[in-house]
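1. Got a predicted model here, sequence first, then my questions.
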Amino acid sequence: MSKVKDRKLAKQGKLSYEWARSHMKILDNTIMRLKKSKPFKGITLGFCLHITKETSVLLTGAKELGAKVVACGANPLSTQDDIAAFLASQGIHIYAWAGETAKEYDWCIQQVLNHKPQILTDDGSDMNIKAHFDKKYRSLKILGATEETTAGVNRIKAVEKKGKLRFPVISVNEAYTKYLFDNRYGTGQSTVDGYLRALSLLFAGKRVVVAGYGWVGKGVAARTHGMGCKVIITEVDPIRALEAHMDGHDVMPMSDAAKIGDIFITCTGMTSVIRKEHINKMKDGAIVGNVGHFDVEADAKYLLKESKSVREVRPNLDECILKNGKKIYLVGQGRVANLVAAEGHPPEVMAQSFSNQILSILHILKNHKKMKNKVIPVPNQIDEQVAKDAIKAMNVKIDKLTKEQLSYSESWT
């Protein structure tokens, strides 16, 4: 049972899936290594992820490992409809299409939970939150969950802090082989991809304001700087601000950056980063977008609801004429621009993130009885295994410590 936009798109989706899988050797090797033992046999896995070609490799892989797989999208606008159709054709229960309303988005999550999954894999924690606080699902016997993104980890940690966490959650986002690569290189590249598709403008010479200098902000800043942009960083953390300064970027408050920026990209996971007062200071023609998980970082509601006029001038680009007469352009309605206006992260980097997911799901399955109801990091052995698989897939060779070096590292003389 599935609900997708158009099942006739399955053939096109299959081509995208094959392209992605051929570039996800790390994940493919992980799946093939486990396939014979069918470790997920008899288990229902519930996924709330962006439905992209990369995600299709994870979901079909979980099915190959024996699981009943049920999935929905992690954002109302990010589903690739050809991929959803392909997944439905492969016997995966999927409820996802691009352009869902808020009500439809919630309904899709409910459909996944109605299948009574034993393990959840989430991106943003919408499904985890519903499993915890919707009365209909409190009786579900969930062994554990994994969380893919920073915003989702923050939300589920808030649940833990209140003592309301019902099952253990592995924070895949905090694995070294995830955030050092997916967040930095993946989001860095796909953000530029999304903005270029929406805008088709020259980046060189423009002032790009990057809000937040975590791993996502670092990646976006590095890529835009490499394209010839003058990068401005806004931050609330003094250590990250200092790091941005020493990396050669200008650092200033958003109230100052708003006056001079050409392109704005929020990367914080925080609400109300670009507010009404900032938007009204922007110059005519400024471009605003967000690559954080939720559409609360830039005040899209103000732009879309309180402007004198709004019209879509290009796919995923709205021209908003403010009451002061200025034109401000909004990318992807303020939602994750790298997924709404483009296709999300490249397959090579998602192979590392999704290998962490597969192995973390397996860890929960084997160890849930002795795991406490806490948010826990990816076990070190999984992180190291993914790194070893990655360098092997990329044909990278490294040295090993000699006996002399091992002895020296353990000596105090």
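-> Perfect, thanks for sending it.
2. Please report the distance of the residue most central in space within the chain from N183.
-> In the chain, the C-alpha nearest the mean C-alpha coordinate belongs to T149, at 5.4 Å (CA atoms, centre = their mean). Per CB to CB, to the nearest Å, T149 is found 9 Å from N183. Placement of C-beta: from N, CA and C, glycine included.
3. Between the two, which contacts overlap?
-> Common contacts of T149 and N183, defined by CB atoms under 8 Å, 6 or more residues apart in numbering, comprise N173.
4. which ones are touching H368?
-> Applying CB under 8 Å, 6+ apart to H368 gives the contacts 143-144, 167-168.
5. my bad, L362
-> With CB under 8 Å, 6+ apart, L362 has these contacts: 34, 39-40.
6. Go again with 7 Å.
-> Each residue near L362 by CB atoms under 7 Å, 6 or more residues apart in numbering is listed here: P39.
7. follow-up on the earlier one: among the contacts of H368, name the ones in strands.
-> With DSSP state E as the criterion, strands contain G144 from among the contacts of H368.
8. What number of residues are in the vicinity of the closest residue to K392 other than its chain neighbours?
-> Excluding the flanking residues, the one nearest K392 by CB to CB, 6 or more residues apart in numbering is N29, at 7.9 Å. Burial of N29 is recorded as 16 neighbouring residues (other CB atoms under 10 Å).
9. Residues contacting the strand or helix carrying N29, please?
-> Counting by DSSP states H and E, the element that carries N29 is helix 25-35. Here helix 25-35 makes contact (CB under 7 Å, 6+ apart) with 21, 57-58, 61, 64-65, 351-352, 354-355, 358-359, 386, 389-390, 393.
10. before we move on, back to that, mind checking how far the residue nearest to K392 is from A67?
-> Remark: distance between N29 and A67 (CB to CB) = 19 Å.
11. Could you do I156 as well?
-> Distance, I156 to A67, using CB to CB: 22 Å.
12. Which one of those two is surrounded by more residues?
-> A direct count of neighbours by other CB under 10 Å for I156 and A67 places A67 higher, at 25 against 22.
13. list the contacts for that one?
-> Taking CB under 7 Å, 6+ apart as the contact definition, A67 lies against 40, 43-45.
14. Please report phi then psi for it.
-> phi -80, psi 150 (degrees, to the nearest 10).
15. And G219, by the same measure?
-> Main-chain torsions, G219, degrees, to the nearest 10: phi -70, psi -40.
16. one step back: let me know the pLDDT of the residue nearest to K392.
-> Model confidence at N29, given as pLDDT, is 92.
17. Also T413?
-> pLDDT recorded at T413 is 80.
18. on that earlier part again, just the buried positions in the helix holding N29, please.
-> Buried residues in helix 25-35, counting neighbours by 16 or more other CB atoms under 10 Å, are found at 25-31, 34.
19. Ok, stretch 240-247 next?
-> Using 16+ other CB under 10 Å as the test for burial, stretch 240-247 gives 240-241, 243-244.
20. the strands in the stretch 301-413 of the chain, which residues?
-> Along the stretch 301-413 of the chain, counting by DSSP state E, counting those that start in this stretch, strands occupy 309-314, 317-321, 327-331, 375-377.
21. among those strands, which is nearest G292?
-> strand 327-331 (12.7 Å; CB to CB).
22. now that closest one against strand 317-321, angle please.
-> 150 degrees (axes from the mean of the first three to the mean of the last three CA atoms, to 10 degrees).
23. elements contacting strand 327-331?
-> Counting contacts by 3 or more CB pairs under 7 Å, 6 or more residues apart in numbering; DSSP states H and E, strand 327-331 packs against strand 287-290, helix 300-306, strand 317-321.
24. if we go to 6 Å?
-> Helices and strands touching strand 327-331, by 3 or more CB pairs under 6 Å, 6 or more residues apart in numbering; DSSP states H and E, are strand 287-290, strand 317-321.
25. Return the distance of the longest one from the chain's centre.
-> Taking CA atoms, centre = their mean, to the nearest Å, one finds strand 317-321 lying 25 Å from the centre of the chain it belongs to.
26. what's it in contact with?
-> Here strand 317-321 makes contact (CB atoms under 6 Å, 6 or more residues apart in numbering) with 198, 303, 307-313, 327-330.
27. again, only this time at 10 Å
-> By CB atoms under 10 Å, 6 or more residues apart in numbering, the residues outside strand 317-321 that reach it are 195, 197-200, 279, 284-285, 287-289, 300, 302-313, 326-334, 337, 341.
28. following the helix or strand containing A158, which helix or strand comes up?
-> Following DSSP H and E, one finds A158 within helix 150-161. Next helix or strand after helix 150-161 toward the C-terminus (DSSP H and E): strand 169-171.
29. Who are the packing partners of that next one?
-> With contacts taken as 3 or more CB pairs under 10 Å, 6 or more residues apart in numbering; DSSP states H and E, strand 169-171 sits against strand 119-122, strand 144-147, helix 150-161, helix 347-367, strand 375-377.
30. how does it look with 7 Å?
-> Contact here means 3+ CB pairs under 7 Å, 6+ apart; on that basis strand 169-171 packs against strand 144-147, helix 347-367, strand 375-377.
31. what about the shortest one, average pLDDT?
-> Strand 375-377 shows a mean pLDDT of 96 in the predicted model.
32. Look up the closest residue to W19, ignoring the ones flanking it.
-> In space, W19 is closest to K53, 6.7 Å off (CB to CB, 6+ apart).
33. confidence score at that neighbour?
-> 97.
34. thinking again about what came up before, list the buried residues in the helix holding A158.
-> In terms of neighbour count (16+ other CB under 10 Å), helix 150-161 has its buried residues at 150-153, 155-157, 159-160.
35. chain center to it, what's the gap?
-> Put simply, helix 150-161 sits 15 Å off its chain's centre (CA atoms, centre = their mean).
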